[in-house]
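Asker: Quick one, fold the following:
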Amino acid sequence: MSAVYVHPQGLCESSTVGDGTRIWAFAHVLPGARIGRNCNICDGVFVENDVVIGDGVTVKCGSQIWDGLRIEDDVFIGPNATFTNDPFPRSRQRPVAFERTLVERGASIGANATILPGLTIGQGAMVGAGAVVTRSVPAFAIVAGNPARIVGYADVVPSRSRTSAPVTAPTISSSAVGGVTLHRLPRFEDMRGALAVAEFERDLPFIPQRCFTVFDVPSSEIRGSHAHKSSHQFLVCVHGKVRIVSRLTSVCTCRPWSGRRNTNTHPTRYSWCMPRNATIRTTTSATTARFSGSCNVQLDQLARVARLRTEGGRFLAFGIANTLLTYAIYCGLVSLVPAQIAYAIVYALGIALAYAGNVGWVFRVHPRLATAAIYPVLYLLQYFLTAGLLEVLTRYGSLGERLALAIAIVMVTPLSFFLSRRMLRGKSSKPPVTRSSAAP
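Answerer: Now for the predicted structure:
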């Protein structure tokens, strides 16, 4: 440090200071700081420990260089420029790691400018006096104002710019709607705006063959007048919000750049991209106040009837298949083990298959430990009810066993369907008609 000049009233505790650097009065450099050659640290500057300053840097009076700052060569920092390193500061609560702020080579920061933590001031950029920088500044851009905006570009030849990291990384996550997934696309953002990108073979679930753009929608009460029996769509909400009705069972409300992909086996599937965080509200109503008065109620009743018909058909088909399968297994086991043991094994297997089939295919809900534990009780209730009806019909109704069994099954099956539906779906088995407003 022989070639370093430190004013008699300045304090430099660091041993890593380059030749030709001058540290003036009332400046304080902590031991962990690293300062390059030919720098000028003016009066009243404070330099903290986790700081790296390159060569030829000028830091004017009254500036503070906090932990986490990286300042490259030939940077100018004006008087009283303010850096920050903690987005949510609290007294005596030190974060695990401070945000890293980078000022690239040749950049200039004007007097009294404020730089928020975790940003990058690009190479050759210029921050105007008093600007409040809330986003990273591109290389050679001139920014000013609160919040700082690009007002021009420096008259220099730009070099190769650095690759910026995406604000949001591509992810695929589940949603509150059964069988629907949320696709989040990578999103890049700086003062010039935001960019979202999707590579067809990597980010999209299929390769689109055509695209449509809907815009200038006059109000939030517009409703589409077409439907698809079989389609696979990737829908992007750019502005406002959009709602879709899938299988007449659910309505997805998505705000800008948000969406859902329906991966059910139902032929109508919807795909959405979401490059940034967005608020998504989901209801189980088929109308959600799209119309008013009796029309709304009629549409909701139509959706409920269609849903009951579809689930009832699946429930009946799976029940027949389950009965045939367990009977075949019983016929195979009865020759190997006693009949009572074979019957107990097959009965337990039938309960497990019934629960799995009703959850995964009939009602298409998420399995839960509570319903799995209670479901055998429902199955036993159905068994005793059928046996009781069979006894009453054969003893007091003077019916044959086969006819009495058929009548008992016909009577018990609807009750079993509604009880299973109520147990597995919970309160959502009868969705209320909700009313909400939507602004385009």
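
Asker: And the strands in the stretch 251-400 of the chain?
Answerer: For the stretch 251-400 of the chain, the strands defined by DSSP state E, counting those that start in this stretch occupy 261-262, 268-272, 280-283.

Asker: In the stretch 101-250 of the chain, where is pLDDT below threshold?
Answerer: Applying pLDDT under 70 to the stretch 101-250 of the chain flags residues 155-170, 174-181, 201, 205, 218-235, 237-250.

Asker: now with 80?
Answerer: 155-194, 196-250 (pLDDT under 80).

Asker: hang on, the earlier thing: lowest mean pLDDT across the strands of the stretch 251-400 of the chain, which one is that?
Answerer: The stretch with the lowest mean pLDDT among the strands of the stretch 251-400 of the chain is strand 280-283, at a mean of 35.

Asker: what does stretch 33-53 contact?
Answerer: 14, 16-32, 54-71, 73, 79, 98 (CB atoms under 8 Å, 6 or more residues apart in numbering). C-beta coordinates here come from the backbone N, C-alpha and C atoms, glycine included.

Asker: Now list the buried members of those.
Answerer: 14, 17-18, 21-24, 27-30, 54-57, 59-69, 71, 73, 79, 98 (16 or more other CB atoms under 10 Å).

Asker: Tell me which of the residues you listed fall in strands.
Answerer: Residues of those located in strands (DSSP state E): Arg22, Ile23, His28, Val29, Val59, Gln64, Ile65, Leu69, Ile71.

Asker: Is the third one in contact with Gln9, as I believe?
Answerer: No - if you go by CB atoms under 8 Å, His28 and Gln9 don't touch, sitting 10.6 Å apart.

Asker: For Ile150, see how far away Ser335 is.
Answerer: In this view, Ser335 and Ile150 are 83 Å apart by CB to CB, to the nearest Å.

Asker: For Val143, list the residues it contacts.
Answerer: Neighbouring residues of Val143 by CB under 8 Å, 6+ apart: Ala125, Met126, Val127, Gly128, Ala131, Val133, Val137, Arg149, Ile150, Val151, Met191.

Asker: mind listing which of these are in strands?
Answerer: Per DSSP E, the contacts of Val143 map to strands at Met126, Val127, Val133, Arg149, Ile150, Val151.

Asker: Buried subset of these as a PyMOL selection?
Answerer: Applied in PyMOL, the following selects the buried portion of the ones in strands among the contacts of Val143 according to 16+ other CB under 10 Å:
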select buried, resi 126+127+133+150
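
Asker: want to throw the ones in strands among the contacts of Val143 into a markdown table with distance to Val217?
Answerer: Shown next, in a markdown table, are those (distance: CB to CB, whole Å):
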| residue | distance to Val217 |
| --- | --- |
| Met126 | 42 |
| Val127 | 40 |
| Val133 | 36 |
| Arg149 | 29 |
| Ile150 | 31 |
| Val151 | 34 |
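
Asker: Which single one of the ones in strands among the contacts of Val143 is nearest to Ala141?
Answerer: Nearest to Ala141 among the ones in strands among the contacts of Val143 is Ile150, at 5.0 Å by CB to CB.

Asker: for the contacts of Val143, which one is nearest Glu311?
Answerer: Met191 (52.6 Å).

Asker: and the closest one, what does it touch?
Answerer: By CB under 8 Å, 6+ apart, Met191 lies in contact with Arg135, Ser136, Val137, Pro138, Ala141, Val143, Ala148, Arg149, Ile150.

Asker: burial of the fourth one, as a residue count?
Answerer: In terms of burial, Pro138 registers 22 neighbours under the definition other CB atoms under 10 Å.

Asker: That one reaches Gln123, doesn't it?
Answerer: No - taking contacts as CB under 8 Å, Pro138 lies outside contact range of Gln123: 9.3 Å.

Asker: Please confirm that Phe418 is located within a helix.
Answerer: Yes - counting by DSSP: H, G, I helix; E, B strand; the rest coil, Phe418 falls inside a helix.

Asker: Over to stretch 171-183 now: how far is its first residue from its last?
Answerer: End-to-end distance of stretch 171-183 (CA to CA, to the nearest Å): 6 Å.

Asker: Also stretch 4-24?
Answerer: 11 Å.

Asker: re the thing from before, adding distance to Ser173, write the contacts of Val143 out as a markdown table.
Answerer: Below are these laid out as a markdown table (distance: CB to CB, whole Å):
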| residue | distance to Ser173 |
| --- | --- |
| Ala125 | 36 |
| Met126 | 41 |
| Val127 | 38 |
| Gly128 | 41 |
| Ala131 | 37 |
| Val133 | 32 |
| Val137 | 32 |
| Arg149 | 34 |
| Ile150 | 34 |
| Val151 | 39 |
| Met191 | 29 |
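
Asker: ok, so of the residues you listed, who is nearest Arg395?
Answerer: Closest to Arg395, out of all of the contacts of Val143 and judged by CB to CB, is Met191, at 85.8 Å.

Asker: separation between that closest one and Leu403?
Answerer: 81 Å.

Asker: coming back round to it: identify the farthest-apart pair in the contacts of Met191.
Answerer: Largest pairwise distance in the contacts of Met191, by CB to CB, is 13.0 Å, between Ser136 and Arg149.

Asker: Which residue ranges of the stretch 301-440 of the chain form helices?
Answerer: 339-357, 369-395, 401-425 (DSSP state H, counting those that start in this stretch).

Asker: Of these, which is nearest Val236?
Answerer: Val236 lies closest to helix 401-425 among the helices of the stretch 301-440 of the chain, at 31.3 Å (CB to CB).

Asker: pLDDT (mean, whole number) over the closest one?
Answerer: 81.

Asker: All good on my end, thank you.
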